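A.B. asks: let's see this in three dimensions:
(one chain, ligands or ions: 1)
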Amino acid sequence: MFPWLAMGHIIPYFQLSKCLARKGLRVSFVSTPRNLKKLPRIPPNLSSLITLVSLHFLNDHVGGGDDNLLPENSESTTDIPIQKIQHLKNAFDGLEPSLTTFLENSKPDWIIHDYVCHWLPRVGAKVGVPCVFFSLFPAASLAFIGPPSVLLNPKKEQTTGLKKFTTVPNWVPFPSNVVYKFHELLQLMKGASRPPQNGTGVSDMYRYGTVIQDSKFVAVRSCVEFESEWLNLLAELYQKPVIPVGLLPPSVKDHSEEDDDRNDNWVVIKEWLEEQREGSVVYVALGTEATLSQEQVNELALGLESSELPFFWVLRKPPSSTQDAFTSFPEGFQERTKERGMVYMSWAPQVRILAHPSVGGFLTHCGLNSVVEGLAFGRVLILLPMINDQGLNARLLEGKKLGIEIPRNERDGSFTSESVAESLRVVMVENEGKVLREKGREVFGDEKRHESYVNGFIQQLKEHTAT
Ligand SMILES: O=c1ccn([C@@H]2O[C@H](COP(=O)(O)OP(=O)(O)O[C@H]3O[C@H](CO)[C@@H](O)[C@H](O)[C@H]3O)[C@@H](O)[C@H]2O)c(=O)[nH]1
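C.D. replies: The predicted model follows:
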């Protein structure tokens, strides 16, 4: 297992590793030392089946004050501002020689990897180990960006420029709302590769195109109950098997077994949650990568305040040297809301909070892990996409009636405290939330169904190995 260096990728790859180990498969989970340290404890009954393999970045990619290198002690997207993401990709690409040596020595049956390592299928072919690209992005997002023939030959595309991302591509044969909004493209460009100054010279489209093209088959964190039309389309576009591995819903049991430092504060949080009425709390969390601006923090804070609902807000501290990040709350906000609101500025036990019956709604950035976690516990989603694929996820969820998106200015993406409060009240107080909640739990919360998808995935691995 070789996930991209982002908590939103490492966590579900680890979850799939545990699912495979529970079925008796042996897994080597490969990442860098700081990321491996952040993983939850391996359950004792699986510890003989999961091995953590630590690879170090090459020194040439990391440097103290040098703006053209990755800052010291930064090993995941959580540690850096979005503008430095290309340095992390450089360092990740630099893991090729050490991963090759590991593969030569350990000879696994399969390599299950993420989209960033475009070089890995080539290495796999050299050492005689087949590759599966395991996508954490839903089939709808993958279909939107297109098949390898398009990804690897962008010049041949009919639609170009911004229009390419804001209109439904011509290979989608059914009505769709899965497109980016203009303001989301501005965010996407901040993390794009711009060689030679700050880039790897390898675009994300090339990375996707190569791993899809050279994979034996493509596994997607998804299920037919969620997006059958997109999964079918993807298999046609790729001309190879596309296997849904299920949504990997969280297991609270797993999380309550974690004994790492991050959960020390659970007792305090739990006490606070116990004091709230069932289904009344809005959990607000915008993931591990997005950094909020001062204006966004102001509007969110004032929106939460005027909604009059109890809230638990996890607010990520901006990594050092982030430009345009928030520095404060609106004057008097914390004092005025202290009776019914909690702002939490470190790593929160998200799954345990979402599982608590006091939580009724989840104001989310639409990172797929958060979406699955919220819906699996029957929480109603209020959608506020920030960066990356999150806008596409929001459109897909709203189209499927699995959440409502907070209205915002189409050009600059700004939103107002009134639109936050209004959206919250529509789903938390009025009847609309009930329908959304039931639908979400039905598709996302059925652990047995999602386990059977994992079994199907294992079957595919075995059949391909046999042939
Ligand atoms: O304080 C925290 C913050 C996060 N988490 C967990 O971290 C994961 C975060 O994943 P996700 O919700 O997907 O958010 P991001 O990490 O921000 O998402 C990145 O990864 C996703 C999956 O690929 C993409 O959809 C997003 O665009 C990309 O930003 C989830 O499991 C959370 O439960 C915690 O437990 N505590």
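A.B. asks: show me which residues of the protein are close to the ligand?
C.D. replies: 6-9, 11, 136, 287-289, 314, 347-348, 350-351, 367-370, 373, 387-390 (Cβ under 6 Å from any ligand atom). (C-beta placed from N, C-alpha, C; glycine too.)
A.B. asks: which of these fall within strands?
C.D. replies: Taking DSSP state E as the definition of strands, these contribute residue 314.
A.B. asks: now the end-to-end length of stretch 322-334.
C.D. replies: 24 Å (Cα to Cα, to the nearest Å).
A.B. asks: any idea how far residue 89 lies from the ligand?
C.D. replies: 14 Å (Cβ to the nearest ligand atom, to the nearest Å).
A.B. asks: got it, and residue 338?
C.D. replies: 21 Å.
A.B. asks: now swap in residue 319 and tell me
C.D. replies: 13 Å.
A.B. asks: OK, contacts around that residue?
C.D. replies: By Cβ atoms under 8 Å, 6 or more residues apart in numbering, the residues touching residue 319 are 74, 78-81, 291.
A.B. asks: switch these over to JSON lines; also include pLDDT, neighbour count and secondary structure.
C.D. replies: Formatted as JSON lines, these follow (pLDDT from 0 to 100; neighbours: other Cβ atoms under 10 Å; DSSP: H, G, I helix; E, B strand; the rest coil):
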{"residue": "74", "pLDDT": "93", "neighbour count": "22", "secondary structure": "coil"}
{"residue": "78", "pLDDT": "94", "neighbour count": "19", "secondary structure": "helix"}
{"residue": "79", "pLDDT": "93", "neighbour count": "20", "secondary structure": "helix"}
{"residue": "80", "pLDDT": "92", "neighbour count": "21", "secondary structure": "coil"}
{"residue": "81", "pLDDT": "88", "neighbour count": "20", "secondary structure": "coil"}
{"residue": "291", "pLDDT": "92", "neighbour count": "19", "secondary structure": "coil"}
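A.B. asks: related to what we said a few turns ago, so which of the residues of the chain next to the ligand belong to helices?
C.D. replies: 7-9, 11, 350-351, 368-370, 373, 390 (DSSP state H).
A.B. asks: how many neighbours does the residue in the stretch 51-200 of the chain positioned nearest to the ligand have?
C.D. replies: Residue nearest to the ligand within the stretch 51-200 of the chain: residue 136 (3.8 Å; Cβ to the nearest ligand atom). By other Cβ atoms under 10 Å, 24 other residues sit near residue 136.
A.B. asks: and what of the one 4 residues further on?
C.D. replies: Residues lying near residue 140 (other Cβ under 10 Å) number 28.
A.B. asks: isn't it up against residue 228?
C.D. replies: No - judged on Cβ atoms under 8 Å, residue 140 makes no contact with residue 228 at a distance of 11.0 Å.
A.B. asks: circling back to that earlier point, Serialize the ones in helices among the residues of the chain next to the ligand to a markdown table and add fields for pLDDT and neighbour count.
C.D. replies: Putting these into a markdown table (pLDDT from 0 to 100; neighbours: other Cβ atoms under 10 Å) gives the following:
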| residue | pLDDT | neighbour count |
| --- | --- | --- |
| 7 | 96 | 21 |
| 8 | 96 | 20 |
| 9 | 98 | 23 |
| 11 | 96 | 21 |
| 350 | 96 | 20 |
| 351 | 95 | 23 |
| 368 | 96 | 22 |
| 369 | 97 | 22 |
| 370 | 98 | 24 |
| 373 | 97 | 26 |
| 390 | 97 | 26 |
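A.B. asks: just the closest of those residues to residue 175, please.
C.D. replies: Using Cβ to Cβ, residue 390 is the member of these that lies nearest residue 175, at 21.9 Å.
A.B. asks: what about the residue nearest to that closest one when sequence neighbours are not counted, how many residues nearby?
C.D. replies: Distance criterion Cβ to Cβ, 6 or more residues apart in numbering; nearest residue to residue 390, sequence neighbours excluded, is residue 366 at 4.2 Å. By other Cβ under 10 Å, the residues close to residue 366 number 27.
A.B. asks: same question, residue 320
C.D. replies: 11.
A.B. asks: what sits closest to it if chain neighbours are left out?
C.D. replies: residue 71 (7.6 Å).
A.B. asks: pretty sure that neighbour is touching residue 84, no?
C.D. replies: Yes - in this structure residue 71 lies within contact range of residue 84 using Cβ under 8 Å: 7.1 Å.
A.B. asks: give the contact list for whichever residue of the stretch 1-150 of the chain sits closest to the ligand.
C.D. replies: Nearest residue of the stretch 1-150 of the chain to the ligand (Cβ to the nearest ligand atom) works out as residue 8 at 2.4 Å. Residues near residue 8 by Cβ under 8 Å, 6+ apart: 77, 136, 287-289, 367-369.
A.B. asks: farthest pair within those residues?
C.D. replies: 77 and 368 (14.5 Å).
A.B. asks: show me the shaky parts of the stretch 151-300 of the chain.
C.D. replies: 158-160, 191, 193-199, 255-264 (pLDDT under 70).
A.B. asks: could you pull out the strands in it for me?
C.D. replies: 217-220, 242-244, 281-285 (DSSP state E, counting those that start in this stretch).
A.B. asks: which element is residue 424 on?
C.D. replies: helix 417-428 (DSSP states H and E).
A.B. asks: show me the contacts for residue 334.
C.D. replies: 341, 343.
A.B. asks: distance-wise, check it relative to residue 294.
C.D. replies: Look at residue 334 and residue 294: by Cβ to Cβ, to the nearest Å, they are 16 Å apart.
A.B. asks: try residue 385
C.D. replies: Taking Cβ to Cβ, one finds residue 385 at 19 Å from residue 294.
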